[in-house]
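Engineer: Structure, please.
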Amino acid sequence: MKLLKKTILSLCVITAVFVLIITIDPAQSEARYRTSDLPLAILEAGTLELLTLNVAHGRGTALNQILVSAAQHRENLEEIALILLASGAQVVALQEADAPSLWSGKFDHVEYLARATGYRFSAHGYHATAWPFTYGAALMSKSRMSDTRSHRFRPTWPTATKGYVRGTIKWRNGEDENSAASVTLVSVHLDFSREEVRKAQIEELVDDLSALPTPLIIMGDFNADWSSNDSPVRQLANAMGLRAFRPTTQEFSTYKGVKRLDWILISDELKFIDYAVLPNIVSDHLAVVAKIGWEAHH
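Structural biologist: Next up is the predicted model:
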């Protein structure tokens, strides 16, 4: 027990030191986009199948990624890849996804997952950067996205900076060639420590996305639930005209079995066909999957 307490204390100290030395290098690229040789094309599908997961730096169930070997990081990501493949998701949103980082095996986790699963397009935002790590949110897609952007929220010292990435697909769910329409998808990660920071980050999201002419799907780790009237999740839904699937139920808890912190929000032009939280434990969060269709009036 004493050894465990010392280990936990040491990890807290190390993590605190890492957080205190976080500096954003303006010269460093803020994102990496992987397009392979994909041409822009219309996604032909009756429904749009989605998955969002906080991959927790590939540490699996370990207390901290510093304690995990590079080989174990790869094994953990292989387990995540199996979930992505089994889900059949056309678009995947990831959070706490690492670029090559000292503390998580020195390899690109998004690139590793993309190659293991066959997702030929990815957009990876570098939102937290310091000498031991570079990580952020990411989108992976089976079809190429257009208008891809990465946005880093304003610094939130002493916690690591968060952000989001977005991209647009053209989707047709019928035989009518004129039925194809653009949809913008977002992978976001909000601050874990302070609600006032999360609300400020929602304001940044709204400022950037409200002018977009396309329907929206926003996925990710909000570090917030729906319980209070001023919940950041509600704040975003109300400001952008988005809806969640059965937001007041505890059936879809994603964090430690008691908190619903991970969400998929959609515009009114869209509807939920199916929604579930997967039981596979590959992180401290559970994956959320959803099947989306167009509303009849679209």
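Engineer: show me where this structure has helices.
Structural biologist: For the chain, the helices defined by DSSP state H occupy 2-20, 70-87, 109-117, 195-209, 232-240.
Engineer: Let me know which of these is the nearest to residue 280.
Structural biologist: Judged by C-beta to C-beta, the one of the helices of the chain that comes nearest to residue 280 is helix 70-87, at 5.3 Å. Placement of C-beta: from N, CA and C, glycine included.
Engineer: pLDDT averaged over that closest one - what is it?
Structural biologist: For helix 70-87, mean pLDDT rounds to 98.
Engineer: list the helices and strands it packs on?
Structural biologist: The contact analysis (3 or more C-beta pairs under 8 Å, 6 or more residues apart in numbering; DSSP states H and E) places helix 70-87 against strand 48-54, helix 109-117.
Engineer: Which residue, neighbours along the chain excluded, lies closest to residue 185?
Structural biologist: residue 217 (4.8 Å; C-beta to C-beta, 6 or more residues apart in numbering).
Engineer: show me the contacts for the one you found.
Structural biologist: Taking C-beta atoms under 8 Å, 6 or more residues apart in numbering, we find residue 217 in contact with 48, 50, 183-186, 264-267, 270, 292.
Engineer: right, and out of these, which lies closest to residue 154?
Structural biologist: Nearest to residue 154 among the contacts of residue 217 is residue 186, at 17.7 Å by C-beta to C-beta.
Engineer: my guess is that closest one contacts residue 218, does it?
Structural biologist: Yes. Using C-beta atoms under 8 Å, residue 186 makes contact with residue 218 at a distance of 4.4 Å.
Engineer: Which one of the two is surrounded by more residues?
Structural biologist: Counted by other C-beta atoms under 10 Å, residue 186 and residue 218 do not tie: residue 218 has more neighbours, with 27 against 23.
Engineer: which one of the contacts of residue 217 has the most neighbours?
Structural biologist: Most surrounded of the contacts of residue 217: other C-beta under 10 Å gives residue 185, at 27 neighbours.
Engineer: thought that residue was touching residue 89?
Structural biologist: No. Between residue 185 and residue 89 there is no contact under C-beta under 8 Å: 11.2 Å.
Engineer: which stretches of the stretch 101-250 of the chain form strands?
Structural biologist: According to DSSP state E, counting those that start in this stretch, the stretch 101-250 of the chain carries its strands in the segments 121-125, 128-130, 133-141, 146-152, 163-172, 181-189, 216-221, 242-243.
Engineer: mean confidence score for the first one?
Structural biologist: It refers to strand 121-125. On average, strand 121-125 scores 95.
Engineer: got it, and the last one?
Structural biologist: Averaged across strand 242-243, the pLDDT comes to 97.
Engineer: next one: stretch 211-223
Structural biologist: For stretch 211-223, mean pLDDT rounds to 97.
Engineer: What residues of that stretch count as buried?
Structural biologist: Under the neighbour-count criterion of 16 or more other C-beta atoms under 10 Å, stretch 211-223 has 214-223 buried.
Engineer: Run through this protein and note the low-pLDDT ranges.
Structural biologist: Scanning the chain for pLDDT under 70 picks out 1-29, 31, 35-37, 175-178, 297-298.
Engineer: which ones are touching residue 127?
Structural biologist: Neighbouring residues of residue 127 by C-beta under 8 Å, 6+ apart: 30, 135-137, 150, 152-153, 160-163, 189.
Engineer: how near is it to residue 214?
Structural biologist: Distance of residue 127 to residue 214, computed by C-beta to C-beta, to the nearest Å: 23 Å.
Engineer: try residue 230
Structural biologist: 28 Å.
Engineer: rewinding a little: which one of the contacts of residue 217 sits closest to residue 284?
Structural biologist: residue 264 (18.8 Å).
Engineer: So in terms of bridging, what pairs with that closest one?
Structural biologist: As for beta bridges, residue 264 partners with residue 219 under DSSP bridges.
Engineer: Hmm, it is touching residue 277, no?
Structural biologist: No. Contact criterion C-beta under 8 Å: residue 264 and residue 277 do not qualify, at 10.7 Å.
Engineer: Overlap of the contact sets of those two?
Structural biologist: Taking C-beta under 8 Å, 6+ apart as the contact rule, residue 264 and residue 277 both touch residue 288.
Engineer: Can you give me the end-to-end span of stretch 221-241?
Structural biologist: For stretch 221-241, the first-to-last residue distance is 19 Å (C-alpha to C-alpha, to the nearest Å).
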